[in-house]
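*Asks:* Model the following, please.
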Amino acid sequence: MMIRRLRQAAAEEENIMLTIYGSQLCPDCREYKANLDAHGVSYTYIDINKNMKNLKAFLKLRDSLPVFAPAKEAGAVGIPAILREDGAVTLDWEGWMQEQGLPIVYRERAQACGVDGLGC
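*Replies:* Sure thing, here's the model as predicted:
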């Protein structure tokens, strides 16, 4: 508990803010959110299935950045998409957790989004 409070205080002090594009239909997105919540990380979550405004904002981002190319080529949507405060985007939520020194504490029991197991 103490480590979680220290990390949360550090994040608030640095004003780290993430924006995550995802979907409640996506097991990877649910898993990432649950891990962020478990560590007390602040973020804004935009569910791309909630309304057209959210979907259009995501598609504009997806169509403009090369980081989405491998996901599109694989037939994936490209979520969860993590937009950092500095504007960088990553689709590797586990890598992001590792960079922050945050262990993965929650694993979704459902299969990944893709039939091939490659994710959403």
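
*Asks:* give me phi/psi at Thr19?
*Replies:* phi -120, psi 130 (degrees, to the nearest 10).

*Asks:* what's the nearest residue to His39 if we skip its chain neighbours?
*Replies:* Of all residues not flanking His39 in the chain, Leu102 sits nearest, at 5.0 Å (Cβ to Cβ, 6 or more residues apart in numbering). Where you see a C-beta, it was placed from the backbone N, CA and C, and this is true even at glycine.

*Asks:* what's the distance between that neighbour and Gly40?
*Replies:* Leu102 sits 10 Å away from Gly40, taking Cβ to Cβ, to the nearest Å as the criterion.

*Asks:* Likewise for Ile79?
*Replies:* For Ile79 relative to Gly40 (Cβ to Cβ), the value is 23 Å.

*Asks:* of these two, who's got more company?
*Replies:* Ile79 (27 against 16; other Cβ atoms under 10 Å).

*Asks:* which SSE is that one in?
*Replies:* Counting by DSSP states H and E, no helix or strand carries Ile79.

*Asks:* Need the pLDDT of it.
*Replies:* According to the prediction, Ile79 has pLDDT 96.

*Asks:* Report the contact partners of it.
*Replies:* 21-23, 26, 28-29, 48, 58, 91, 120 (Cβ atoms under 8 Å, 6 or more residues apart in numbering).

*Asks:* try it again with 10 Å
*Replies:* Ile79 sits next to 20-23, 25-26, 28-29, 32, 46-48, 58, 62, 68, 71, 91, 93, 113, 119-120 when contact means Cβ atoms under 10 Å, 6 or more residues apart in numbering.
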